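Student: requesting a structural model of the entry that follows:
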Amino acid sequence: GASDVVLRANLSRRLPLVLDRVRSAADRSAIDADLRYPANGAGVRRLRNLSQPRREAAGGGVRDAVAIDIIGQKAALAALARSERRLALLQGVALAIAEARDFDAALAAALRLACENTGWSYGIAWVPDPARNVLVAKVSWHIDEPRFDALDRTRDDTVFASGIGAVGRAWVSRTVQWNRDVQASAVAPPARVLAMRAAGIHSALAVPIIVYDEVLAVLAFGIVTLEEEDRDLFDSITAVAAQIGSALKRKRIEQALQESQARFEATFMNAPVGISHIGLDGRFLVVNDALCTLLGYEREELLCRKVEDVSHPDDRQAVRQRMAGVFAGKVERVTAEKRNLRRDGSTIWMSVTSAVKRDAEGRPLYMIAVSQDISQRKAMEQRLQQSEARYRELIEILPNAIIVHVDGRVVFANPAAARVLGADSPEQLLGMGALEMLHPDEHVAALANIQHALSGKIDYRSGARSVDRRVLRRDGSERIAELTALPIGFDGKPGL
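Tutor: Numbering: from 1, shown residues only. You can find the predicted model right below:
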């Protein structure tokens with residue numbers, strides 16, 4: 001009979017109702033019921049029973065029944081529900097992290113969502129303190145009950161050393177750690193254990209967040225009931241930790257890029273020399289403060305102009321040629337001195353070093369130009385040139401012969417020297433030996449005088465000593481000349 005194969009536990013519940021309906025001749029409706037049956041050997045099987053009366057059965061009471069094993073179906077539905085909850089949790093965590101203003105806010109949101117999704121009462125994130133080599137509390141979340149407020153007040157005074165408690169074990173092992181009964185545990189910091197006991201927490205779970213092979217934090221959760229190890233819970237919390245770790249990887253990369261960009265901008269904008277990026281059409285793309293100051297323009301004004309617009313008219317053709325050569329790759333970089341026009345129309349000399357930024361395939365993107373004000377140096381060079389011109393003019397019109405020797409050779413002679421020595425021009429004397437223009441009998445004494453003059457032992461501020469010497473003209477004739485020897489620097493070398 002039907003009651004012989006149905007588990008006795010059902011006899012007092014659903015089976016009598018089913019049998020009453022089966023026996024009722026007037027009941028012509030279908031019956032759908034879940035019943036548990038003893039399996040062959042041992043155990044229990046849960047079957048879904050579907051039955052309906054036969055149409056041809058005389059007097060009724062005869063039904064056709066089908067029994068369907070629903071254990072696998074219920075297991076699949078349960079697994080699907082767990083998967084959907086986990087997916088919802090991960091989506092919520094991903095959204096919370098994306099919207100979080102910083103790392104602490106992201107951790108707090110993840111703790112809240114994990115507790116709400118799993119039914120746990122308390123969550124806290126512990127992070128490494130490298131200086132002390134311990135874990136310290138970062139952020140926490142708990143259900144709205146006063147006992148957890150008291151637990152939270154102990155967090156800042158608590159640290160976990162490596163391997164101590166579920167949190168310390170998760171840190172050193174990098175694996176999920178389970179504490180079935182905190183009330184019976186004495187391995188965590190005593191004050192923390194007492195606070196957790198006072199809050200009524202029984203079971204605890206700790207899971208590490210690992211980023212680039214480094215434990216960035218340990219998430220710890222507590223619940224007020226005594227729970228057995230739950231693989232589904234492990235998987236869900238581990239997935240949350242992985243989600244946070246993945247997000248933190250992105251945030252670290254983003255932060256590194258932001259810091260790098262900030263350093264570049266600080267270097268670019270605060271550099272004491274002018275820096276600019278110039279497009280292929282010669283237009284300024286980016287300019288720093290120093291270049292704006294050098295040229296006297298506001299940034300917005302300069303960005304509306306091309307390099308040619310601020311170049312001296314006499315230098316524009318050379319500027320175009322240099323830029324074309326650099327963009328074409330004929331030279332890797334070029335340094336040139338050029339005149340620029342300031343906003344007020346004045347001229348400023350700059351030394352400009354230019355190079356091109358190219359893409360991965362070698363195509364030019366823009367030019368990087370570093371400009372330095374050299375107006376003061378140019379002014380000094382101009383004054384020096386003017387001074388040298390006046391000095392040379394004075395030397396050339398003097399009636400006295402002036403000859404400069406460097407390393408024993410003539411490197412300069414004025415027109416008077418050419419006349420004294422019978423040369424057609426001063427250039428004919430260049431390269432002659434210092435002793436060639438003296439009579440041989442004068443060589444020994446003259447050489448001694450030259451060495452003594454170059455020794456630096458003579459103070460010529462009190463007056464130079466002159467001697468009479470016989471000199472040889474180019475035609476071989478002799479003359480008596482009064483010679484005065486003075487040391488002089490010439491083109492960076494000691495001369496006489």
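Student: buried set for the helix or strand hosting residue 257?
Tutor: Per DSSP states H and E: residue 257 is located in helix 231-270. The neighbour-count check on helix 231-270 (16 or more other Cβ atoms under 10 Å) flags 233, 236-237, 239-241, 243-245, 247-248, 251, 268 as buried. In this view, the C-beta of every residue, glycine as well, is placed from N, C-alpha and C.
Student: next: stretch 406-423.
Tutor: For stretch 406-423, by 16+ other Cβ under 10 Å, it's 406, 410-418, 420-421, 423.
Student: would you format the residues you listed as JSON lines with pLDDT, secondary structure and distance to residue 319 included?
Tutor: Shown next, in JSON lines, are those (pLDDT from 0 to 100; DSSP: H, G, I helix; E, B strand; the rest coil; distance: Cβ to Cβ, whole Å):
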{"residue": "406", "pLDDT": "89", "secondary structure": "strand", "distance to residue 319": "39"}
{"residue": "410", "pLDDT": "91", "secondary structure": "strand", "distance to residue 319": "43"}
{"residue": "411", "pLDDT": "91", "secondary structure": "strand", "distance to residue 319": "38"}
{"residue": "412", "pLDDT": "90", "secondary structure": "strand", "distance to residue 319": "38"}
{"residue": "413", "pLDDT": "91", "secondary structure": "strand", "distance to residue 319": "42"}
{"residue": "414", "pLDDT": "90", "secondary structure": "coil", "distance to residue 319": "41"}
{"residue": "415", "pLDDT": "91", "secondary structure": "helix", "distance to residue 319": "42"}
{"residue": "416", "pLDDT": "91", "secondary structure": "helix", "distance to residue 319": "46"}
{"residue": "417", "pLDDT": "91", "secondary structure": "helix", "distance to residue 319": "45"}
{"residue": "418", "pLDDT": "91", "secondary structure": "helix", "distance to residue 319": "44"}
{"residue": "420", "pLDDT": "90", "secondary structure": "helix", "distance to residue 319": "51"}
{"residue": "421", "pLDDT": "90", "secondary structure": "coil", "distance to residue 319": "49"}
{"residue": "423", "pLDDT": "91", "secondary structure": "coil", "distance to residue 319": "46"}
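Student: what is the subsequent helix or strand relative to the helix holding residue 257?
Tutor: Next along from helix 231-270, by DSSP H and E: strand 274-278.
Student: CSV for the buried residues of helix 231-270, including distance to residue 134 and pLDDT?
Tutor: Converted to CSV, the buried residues of helix 231-270 look like this (distance: Cβ to Cβ, whole Å; pLDDT from 0 to 100):
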residue, distance to residue 134, pLDDT
233, 27, 70
236, 28, 73
237, 23, 76
239, 27, 77
240, 24, 75
241, 20, 79
243, 26, 76
244, 21, 77
245, 21, 80
247, 25, 75
248, 21, 71
251, 24, 71
268, 41, 86
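Student: max pairwise distance over these: which two?
Tutor: 233 and 268 (51.5 Å; Cβ to Cβ).
Student: what about the spatially closest residue to residue 287 that is not a sequence neighbour, neighbour count?
Tutor: Sequence neighbours aside, residue 276 is the residue nearest to residue 287 in space, at 4.6 Å (criterion: Cβ to Cβ, 6 or more residues apart in numbering). The tally of other residues near residue 276 (other Cβ atoms under 10 Å) stands at 25.
Student: bridging residues for residue 276?
Tutor: In this entry, residue 276 is beta-bridged to residue 287, residue 369, by DSSP bridges.
Student: and the helices in the chain, which stretches?
Tutor: 2-5, 14-23, 71-99, 103-118, 146-152, 165-173, 190-198, 231-270, 289-295, 299-302, 316-327, 375-397, 415-420, 443-454 (DSSP state H).
Student: by mean pLDDT, show me the worst of those helices.
Tutor: Per-stretch mean pLDDT for these is lowest at helix 2-5 (a mean of 46).
Student: measure residue 208 to residue 216 for me?
Tutor: Shown here: residue 208 relative to residue 216, a distance of 8 Å by Cβ to Cβ, to the nearest Å.
Student: now residue 443
Tutor: The value you get for residue 443 to residue 216, if Cβ to Cβ is used, is 88 Å.
Student: who has more neighbours out of the two?
Tutor: Counting neighbours by other Cβ under 10 Å for residue 443 and for residue 216 shows that residue 216 has the greater number, 20 against 13.
Student: name the nearest residue to the more buried one, sequence neighbours excluded.
Tutor: Using Cβ to Cβ, 6+ apart, the nearest residue to residue 216 is residue 209, at 4.9 Å.
Student: what residues are up against the one you found?
Tutor: Residue 209 is in contact with 215-219, 241, 244-245, 248, counting by Cβ atoms under 8 Å, 6 or more residues apart in numbering.
Student: could you do residue 157 as well?
Tutor: So residue 157 contacts residue 191 (Cβ under 8 Å, 6+ apart).
Student: report pLDDT for it.
Tutor: At residue 157, pLDDT is 87.
Student: what do you get for residue 495?
Tutor: 85.
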